[in-house]
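A.B. asks: Would you be able to build a 3D model of this:
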Amino acid sequence: GCGGDSSNLKCPTCSKLGLPDAFFCSQDCFKSTAYNPWPNYHYTGLLRPHYPLSPTRLIPELIQRPDYANDGKPISEMRIRGSLKIEKLSKFDIEQVRTVCKISREVLNEGRKAVKVGVTTDEIDRVVHEACIERDSYPSPLNYHGFPKSCCTSVNEVICHGIPDKYELKDGDICNLDVSVFFNGYHGDLNETYLVGNVDEKGRKLVETTRNCLDQAIAMGIDANIIFTSNIKVAIVRPGTLYRDIGNQIQKIAGVEGFSVCRSFVGHGIHRHLHCTPNIPHYANNKAVGTMKAGHIFTIEPMISEGVWQDRYWNDGWTVSYSKLELKNIIDSDLQAVTMDGKRSAQFEETLLVTETGVEVLTANF
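C.D. replies: Below you'll find the model as predicted:
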């Protein structure tokens, strides 16, 4: 807290999350003071958490909620964990996912307008939250396994699942904004990494390469400079492609530029569940199970790093640092990951539908 002589107000967020006590002398002090809740933690880079987190944003009663909205437990998703079956969706299901993916893109486009020098990541979260509410939608991350915010903002060395807080974006940062939306019983998911102000050449190259990794994983053999904004006709994503082949394409492109591919987090199936089969690693020579069929819907979301591919985890309060053995039993979305060497990481994601003849990018920009 502020450390003043009359600092006797305890931070309620810290108490709720079981963090060390932080004290403030007044409500105004509480609202204006940012602090690092784990000063003795060994951070790999320059970024630090800026607590306290703002209060949980409210959801109007009339908006439909996923099953984890109250207690943080996605029961329906947990029931099918471990299954290797990839669901082939009906025409009705596909239309529902198509609708929520369009909403998800609209929300991301609203959020990206707030990504500017001097803006806090919590302010970006507010914009995303309100954009969801305006569209009668629920922000899928909110309380998913206890996640405290409505979107993920991953800055610089944060690979994914960054928690929005009081950190003010700085000139030269890169910031990934990950948006997921729940509407009419279905989820949509996408993310993009943005340049904040004047980013150095290597940072720009990292972001450009990451976007290219995603595009070329969707459409192998098309010109590398194309940024897809509509349906793709010649694609690696098509009936008959093995899911394990996606990682080969991504690692080939990243490796040519001298970058590495994160191995701890995967693309995933999505529809009535936020995460389900198939699981799609983004690195080469992986052992992903399954063959693409028309009616499959899933994400591809490569995380590309400047330095090594290895990662570690922040003590977010709602999570802890895990050993490799413990990690096998934890869903990847429960972890805020940073690069092991503190170098920057970028990510892009789209939700995709396998059609009879190729692929439809359900979250494509418009």
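A.B. asks: and Arg126, that's in a strand?
C.D. replies: No - according to DSSP: H, G, I helix; E, B strand; the rest coil, Arg126 belongs to no strand; its state is helix.
A.B. asks: which residues touch it?
C.D. replies: Contacts here follow C-beta atoms under 8 Å, 6 or more residues apart in numbering; on that basis Arg126 touches Arg57. Any C-beta I mention is one placed from the backbone N, CA and C, and that applies to glycine too.
A.B. asks: what is the residue nearest the centre of the chain paired to in the beta sheet?
C.D. replies: Nearest residue to the geometric centre of the chain (C-alpha atoms, centre = their mean): Asp178, 4.1 Å. Using DSSP bridges, the beta-bridge partners of Asp178 come out as Cys152, Asn191.
A.B. asks: what's near enough to touch it?
C.D. replies: Taking C-beta under 8 Å, 6+ apart, we find Asp178 in contact with Pro141, Cys151, Cys152, Thr153, Ser154, Cys160, His161, Asp189, Leu190, Asn191, Gln347, Glu349.
A.B. asks: cool, and His296?
C.D. replies: Shown here is His296, whose contacts under the criterion C-beta under 8 Å, 6+ apart are Ile86, Glu87, Lys88, Leu89, Gly269, Pro278, Leu353, Val354.
A.B. asks: tell me which residues in the lengthiest helix in the chain are buried?
C.D. replies: Ranked by residue count and defined by DSSP state H, the top helix of the chain is helix 91-112. Along helix 91-112, these residues count as buried under the neighbour rule (16 or more other C-beta atoms under 10 Å): 93-94, 96-98, 100-108, 110-112.
A.B. asks: Could you check the pLDDT of Cys25?
C.D. replies: At Cys25, the predicted lDDT confidence score is 58.
A.B. asks: what sits up against stretch 236-256?
C.D. replies: 209-210, 212-214, 216-220, 224, 260-261, 267, 278, 280-294, 300, 302, 304, 352, 354-359.
A.B. asks: Any chance of a PyMOL selection covering the buried ones in the contacts of Asp178?
C.D. replies: Command for PyMOL, covering only those of the contacts of Asp178 found buried under the criterion 16+ other C-beta under 10 Å:
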select buried, resi 141+151+152+153+154+160+161+189+190+191+347+349
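A.B. asks: Is Glu87 located within a helix, as I assumed?
C.D. replies: No - per three-state DSSP, Glu87 lies outside any helix segment and is coil.
A.B. asks: How much space separates Gly358 from Ile236?
C.D. replies: With distances taken as C-beta to C-beta, to the nearest Å, Gly358 is found 10 Å from Ile236.
A.B. asks: Comparing the two, which residue is more hemmed in?
C.D. replies: Ile236 (22 against 19; other C-beta atoms under 10 Å).
A.B. asks: which SSE is the more buried one in?
C.D. replies: Ile236 belongs to no helix or strand when assigned by DSSP states H and E.
A.B. asks: Low-confidence stretches in the chain?
C.D. replies: Confidence mapping of the chain against pLDDT under 70 gives the ranges 1-32, 220-235, 316-335.
A.B. asks: ok so, going back, so can I have JSON lines of the contacts of Asp178 showing distance to Glu77?
C.D. replies: Rendered in JSON lines, the data for the contacts of Asp178 read as follows (distance: C-beta to C-beta, whole Å):
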{"residue": "Pro141", "distance to Glu77": "14"}
{"residue": "Cys151", "distance to Glu77": "19"}
{"residue": "Cys152", "distance to Glu77": "18"}
{"residue": "Thr153", "distance to Glu77": "24"}
{"residue": "Ser154", "distance to Glu77": "22"}
{"residue": "Cys160", "distance to Glu77": "18"}
{"residue": "His161", "distance to Glu77": "17"}
{"residue": "Asp189", "distance to Glu77": "13"}
{"residue": "Leu190", "distance to Glu77": "19"}
{"residue": "Asn191", "distance to Glu77": "20"}
{"residue": "Gln347", "distance to Glu77": "22"}
{"residue": "Glu349", "distance to Glu77": "18"}
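A.B. asks: and which of the contacts of Asp178 is nearest to Gln310?
C.D. replies: The nearest member of these to Gln310, counting by C-beta to C-beta, is Cys160 at 14.3 Å.
A.B. asks: who's in contact with the closest one?
C.D. replies: Counting by C-beta under 8 Å, 6+ apart, the residues that Cys160 touches are Cys152, Ser154, Asn176, Asp178, Cys262, Phe265, Met303, Gln336, Ala337, Gln347.
A.B. asks: As a markdown table, those residues with secondary structure and distance to Glu123 would be great.
C.D. replies: Listed next are the contacts of Cys160 as a markdown table, based on DSSP: H, G, I helix; E, B strand; the rest coil; distance: C-beta to C-beta, whole Å:
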| residue | secondary structure | distance to Glu123 |
| --- | --- | --- |
| Cys152 | strand | 15 |
| Ser154 | strand | 16 |
| Asn176 | strand | 16 |
| Asp178 | strand | 16 |
| Cys262 | coil | 27 |
| Phe265 | coil | 26 |
| Met303 | strand | 24 |
| Gln336 | coil | 19 |
| Ala337 | strand | 23 |
| Gln347 | strand | 21 |
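A.B. asks: follow-up on the earlier one: which ones among the contacts of stretch 236-256 are found in helices?
C.D. replies: Residues of those located in helices (DSSP H): Thr209, Thr210, Asn212, Cys213, Leu214, Gln216, Ala217, Ile218.
A.B. asks: Which member of these is positioned nearest Gly82?
C.D. replies: In terms of C-beta to C-beta, no member of those lies closer to Gly82 than Ala217, at 25.8 Å.
A.B. asks: didn't that closest one look like it was pressed against Thr299?
C.D. replies: No - using C-beta atoms under 8 Å, Ala217 and Thr299 do not qualify as a contacting pair, with a distance of 11.0 Å.
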